[in-house]
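1. sequence first, predicted coordinates after that:
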Amino acid sequence: MAAKSGSRTAIYIVVGVLVAVVLVVWGVFQFSGGGSTTPVAGTYTTTLQDSVVVAGKAAPITVDIYEDFLCPVCGRFESSDGGDITSAINAGKIQVRYHPVAILNRATNPTGYSLRAANAGVCAAEGGVFPAYHDKLFAQQPSENSAGLTDQQLIDMGTQVKAPATFANCVTSGKYSKAVTAETSRAAKDTSLRAAGASSFGTPSVTINGKRAEPLSDGNWLTNVTK
């Protein structure tokens with residue numbers, strides 16, 4: 001009886017390990033987005049519409065991306081799909097309207113990093129260095145419940161990507177903070193941006209020609225519209 005009990009225990013352990021491995025792999029695919037992780041330099045130009053950064057020339061496909069630079073899922077999305085998105089903008093296949101928002105403003109101590117980072121991102125667009133600065137905001141993304149990056153660190157990142165001298169004042173003055181706050185409020189009220197069954201707006205949220213997409217569960221979302 002003891003031998004049989006031991007055998008059963010061993011079987012249960014093996015099965016449990018296999019299940020755990022399957023769940024880990026499944027979780028990786030759930031957040032991979034199926035995209036390329038190869039860094040791609042953005043060669044596109046940007047224009048500003050209040051706090052919305054319009055990336056690339058007019059194209060048949062318009063993609064709107066709502067992101068919070070503190071949001072960890074946004075970070076995963078950028079890591080998995082950012083290179084492919086940039087390549088598609090560079091090639092003129094899509095135009096992307098980036099909406100930096102601040103829904104996690106209370107998730108740092110002191111509060112406010114989401115808004116400061118969003119403002120800095122828009123300042124980078126004003127200064128003509130948005131593609132490289134956008135990459136840095138996610139590459140150096142702080143964790144939730146941390147202090148976030150300081151204004152000086154945000155300014156230093158701008159210096160690294162050759163932002164103009166006006167960038168520092170744009171960051172410290174919060175030049176686009178009101179516009180970002182207004183855009184965050186607008187997005188939160190837009191029920192078409194919410195995931196199915198969700199009671200509130202979250203990030204990242206993506207639309208294609210005005211229709212909500214699900215890039216976190218559909219790894220082919222970008223390929224399907226650019227092929």
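-> Happy to help now that I have it. Residues are numbered from 1 along each chain as shown.
2. low-confidence ranges in the chain?
-> 1-38 (pLDDT under 70).
3. hmm, residue 100 is touching residue 69, no?
-> Yes - the pair residue 100 and residue 69 qualifies as a contact (C-beta atoms under 8 Å) at a distance of 6.8 Å. Backbone N, C-alpha and C define where each C-beta goes, glycine included.
4. shared neighbours, the two?
-> By C-beta atoms under 8 Å, 6 or more residues apart in numbering, residue 100 and residue 69 have these common neighbours: 117-118, 121.
5. of these, which is the nearest to residue 180?
-> residue 118 (4.5 Å; C-beta to C-beta).
6. how about the closest one, secondary structure?
-> helix (DSSP: H, G, I helix; E, B strand; the rest coil).
7. count the neighbours of it for me.
-> Residue 118 has 29 neighbours, counted by other C-beta atoms under 10 Å.
8. and what of the one 5 residues further on?
-> Other residues lying near residue 123 total 29 when counted by other C-beta under 10 Å.
9. contacting residues around it?
-> 158, 163, 167, 170-171, 175-176.
10. sticking with the residue nearest the centre of the chain, tell me its helix or strand.
-> When C-alpha atoms, centre = their mean is applied to the chain, the residue found nearest the centroid is residue 74 (3.2 Å). Using DSSP states H and E, residue 74 sits in helix 72-90.
11. one more: residue 97?
-> Short version: residue 97 belongs to strand 94-100, going by DSSP H and E.
12. name the residues that touch that strand?
-> By C-beta under 8 Å, 6+ apart, strand 94-100 touches 49, 51-59, 61-69, 85, 88-89, 117-119, 121-122, 130, 134, 180, 183, 187, 225-226.
13. and these, which of them are in strands?
-> Of the positions in the contacts of strand 94-100, 49, 52-55, 61-67 sit in strands, assigned by DSSP state E.
14. buried among the contacts of strand 94-100? Make that a PyMOL selection.
-> Buried residues among the contacts of strand 94-100 (16 or more other C-beta atoms under 10 Å), as a PyMOL selection:
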select buried, resi 51+52+53+54+55+56+59+62+63+64+65+66+67+68+69+85+88+89+117+118+119+121+122+130+134+180+183+187+225+226
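15. which residues touch residue 149?
-> Residue 149 touches 113, 116-117, 140, 142, 157, counting by C-beta under 8 Å, 6+ apart.
16. out of these, which end up buried?
-> Using 16+ other C-beta under 10 Å, the buried ones in the contacts of residue 149 are 113, 116-117, 142, 157.
17. helices along the protein, start to end?
-> 2-32, 72-90, 113-126, 130-139, 151-160, 166-173, 177-189, 221-226 (DSSP state H).
18. now those as JSON lines including distance to residue 200?
-> Formatted as JSON lines, the helices of the chain follow (distance: least, C-beta to C-beta, whole Å):
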{"stretch": "helix 2-32", "distance to residue 200": "20"}
{"stretch": "helix 72-90", "distance to residue 200": "14"}
{"stretch": "helix 113-126", "distance to residue 200": "15"}
{"stretch": "helix 130-139", "distance to residue 200": "23"}
{"stretch": "helix 151-160", "distance to residue 200": "28"}
{"stretch": "helix 166-173", "distance to residue 200": "29"}
{"stretch": "helix 177-189", "distance to residue 200": "7"}
{"stretch": "helix 221-226", "distance to residue 200": "22"}
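19. note down every partner strand of the strand holding residue 97 and its orientation.
-> strand 52-55 (antiparallel), strand 61-67 (parallel) (DSSP bridges).
20. what angle sits between it and helix 130-139?
-> Interaxial angle, strand 94-100 versus helix 130-139 (axes from the mean of the first three to the mean of the last three C-alpha atoms, to 10 degrees): 50 degrees.
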